[in-house]
Structures are given as C-alpha cells and as structure tokens.
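Peer 1: show me the folded form of this:
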Amino acid sequence: MKSLPYVEPIIIEPSFEKRLAREVDLNITLRCKARRKKTKVKTTAATSSSRELHRGGQTESSEVEDKSKEENDSADDDSSSEIDSSSDEGSADDDSENGPSPTSTSDSRGDAEAKALKSKKMKRRSPKTKSSISLAAYIVASGDFTDPLTRIPLSMQDLERLDATVKALNEKKTSKKTSNTQRASVVEAFKATSHYKSARCQRDALLGLERYLGEQVAEVLATIEEVNDGELEPNEAEQVILTEILPSFQHNFEILARADALLARQSLSQYLSFVRGPPNRATRNRCGFRDFILAVLQVFESIVQSPHSQHVLSSSQINLLLRTAPTSSTSSSSRANELSTRQI
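Peer 2: Prediction:
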C-alpha cells in the first residue's frame, strides 16, 4: 500500500475572509448599478424614439396636407368662374336645408353647459360667507362668545371683524334683493351679558330638574324589573309608586311644564319610550304592570297641554289608579280607557 503524501492544511486568516466578503459585496453593488444604468438608458431611448416618431408623423402629415392644399388650389384656379358660382350656390342651399353640422351643435351645447355650470357656481355662497353668518347667529342666540372648535374666548377685535364681514355680506344681499334682512350685532350682544346670564341660569335649572325626573323614571323601571323577576309583588310596587314616587314626580313635572312646555313634552315622550323599551326587546309585562305605569305617565299629557292650570291628584283619583291597578285577569286597554276619560 502506498502512503499518501502529507499535505499541510491551509489556514485562512480572519482578515482574509473579511476581505473576500467585502469584495463580493462590492461586485454585487457594482452589478446592480450597471443594471440600473442599462434600464435607464433603454427607457430614455424608448421615450426619445417615440417622441421622434410622433414629431415625424406630425411633420409628414403636415407635408401631405400642404401638398393636398396646393393641388386643390391649382384645381380651383383652373376651373371656370361659372362652375365656381354654381357650386357655391349649391353648397349654400345644402347648408340651409340640412342645418348646421353636428360638430358645431355639439360645441355650442358644450359651451352652453359650461356657462350654466359657471353661473350655478357663482350663485352658490362660498363656505366663508356661510361660516361667518352662521357663527354670528350662533353667538347671538347662545351667548357663548368663544370659538366653537377651540373654545378660545373671542376678543373685541374678533367680534368687530365678524360684525364687519356680516354687514358687508348683508349689503350684497340687499343690493340684489329688495327685502332688508337686519341681523343682530355681535358686539352689542357681548355688551348686554345680563340677559345671557339669566337665560343660562334658567337653562341649567331646567336641565337639572329634567335629570331628576329621569332618575325617578329610572326608579320606576327598576321596580318594573323587580316585579318581572318576582322579587316584588305587583300590589306592593303599585303602592310604592303611587304614594312615594308619583307625588314628587307630579310636582316637578308641573314646574318643568310651566317653565318650558316643549321640553316637558319631549321629556315625557322619552320617558314613555324608555319604559316601553326597544321594539326588538321590549320591557316584560308581568300581570300588566308595565301597561299600568304607561297609563299613569300618559295622564301627565294634560299637564303639558295646559301647564298654567293647577293639577293636583286627589285621593279619589289615587283610589281610581289603585282600582285600575293590574291583576292577573284585568286587561291594560280597559285601564287606559278609564284613565283617559278622567282628567286630573
């Protein structure tokens, strides 16, 4: 057996490996750059060739048109004047019979549509005019002299500038129309702040009263749920509502109706819809107790209709409500009819 010659192992230094990696990276980057340059050159050549072809086509077409025009001119010169006059008369007759060409009619229609669109755009008010007029009306109506978006208080200069813009817009309107529309000044409204203070206090008081009435209606709905769950008997729940919740609710609702009948009407409709529940999941009506509460709330519609008259539930009327209270056999329609016939 022949022994193989001894070969010394090749030891590669780490610096040599790093050098090789750098050279490979450089080669890759150079190749990528060369490819990009080639693609750029190809695209520029293609675009330039297409432009040249387009220009050449235009020049060729123009040359052909010039030649055809020259030939037509020479033919017209050679022809006699009688034939020219007869052809002119025939063409005029054809135009008068057939009317204008379709291209001319389409152009005229397009011009008319463009003019109509321009006139509509001119008639519409710009968003600046709308925002200035609406902002002035909002400030005068609410008494809130702040920017609605940023809540930054408006200075006297801002209010004067707003008044000037609104006056200019109103003058433009009155010049076009005969009716004079005078708007309240924002500066004058800012000076008369006592009116807004009293109105704000009244509004806050009415909102607090309406919230208190809503809490009482929530208590009524909680008692309805207790009756539906079997935690409370219907007779006990009726006594609690008629003796504890109903008197205070009546007193507060009368105050609300005398101060603002519209708010009282809206709140009463909300209370009724709240007790009924959503249509896809209405409030349960165990022993007709929910219908009884709805009939009691509907009695207060007479208070909204005549808020300044005195409405006091007497003992006989409370006994009527107790007698029309739900049992296991009574129906809700008969109770509602009895309550509607009797006025509070």
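Peer 1: which strands or helices does the helix or strand harbouring R258 pack on?
Peer 2: Counting by DSSP states H and E, the element that carries R258 is helix 246-259. Taking 3 or more CB pairs under 8 Å, 6 or more residues apart in numbering; DSSP states H and E as the contact definition, the neighbouring helices and strands of helix 246-259 are helix 193-229, helix 261-276, helix 301-305. For glycine as for every other residue, the C-beta is placed from the backbone atoms N, C-alpha and C.
Peer 1: swap the cut-off to 10 Å and go again
Peer 2: Contacts defined by 3 or more CB pairs under 10 Å, 6 or more residues apart in numbering; DSSP states H and E place helix 246-259 against helix 193-229, helix 261-276, helix 289-298, helix 301-305, helix 315-323.
Peer 1: CSV for those helices, including mean pLDDT and mean neighbour count?
Peer 2: What follows is the helices and strands packed on helix 246-259, written out as CSV (pLDDT from 0 to 100; neighbours: other CB atoms under 10 Å):
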stretch, mean pLDDT, mean neighbour count
helix 193-229, 88, 14
helix 261-276, 91, 17
helix 289-298, 85, 21
helix 301-305, 75, 16
helix 315-323, 49, 13
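Peer 1: mind putting those in CSV, distance to S248 included?
Peer 2: Conversion of those to CSV gives the following (distance: least, CB to CB, whole Å):
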stretch, distance to S248
helix 193-229, 7
helix 261-276, 15
helix 289-298, 14
helix 301-305, 14
helix 315-323, 14
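Peer 1: closest one to P247 among those?
Peer 2: Set against P247 and scored by CB to CB, the helices and strands packed on helix 246-259 come closest in helix 315-323, at 9.2 Å.
Peer 1: so A282: helix, strand or coil?
Peer 2: Taken by DSSP: H, G, I helix; E, B strand; the rest coil, the conformation at A282 corresponds to coil.
Peer 1: ok, the nearest residue to it once chain neighbours are set aside to R290 distance?
Peer 2: Take A282 and drop its neighbours on the chain: the residue closest to it by CB to CB, 6 or more residues apart in numbering is R276, 6.1 Å away. In this structure, R276 lies at 8 Å from R290, with CB to CB, to the nearest Å as the measure.
Peer 1: pretty sure the residue nearest to A282 contacts V217?
Peer 2: No - in this structure R276 lies outside contact range of V217 using CB atoms under 10 Å: 11.8 Å.
Peer 1: shared neighbours, those two?
Peer 2: For the pair R276 and V217, residues contacting each of them under the criterion CB atoms under 10 Å, 6 or more residues apart in numbering are I293.
Peer 1: how near is L268 to I293?
Peer 2: Distance, L268 to I293, using CB to CB: 13 Å.
Peer 1: what sits in contact with each of these two?
Peer 2: Each of V217 lies in contact with both L268 and I293 under the rule CB under 10 Å, 6+ apart.
Peer 1: show me where pLDDT drops low in the chain?
Peer 2: Scanning the chain for pLDDT under 70 picks out 1-18, 20, 41-42, 45-130, 173-182, 306-344.
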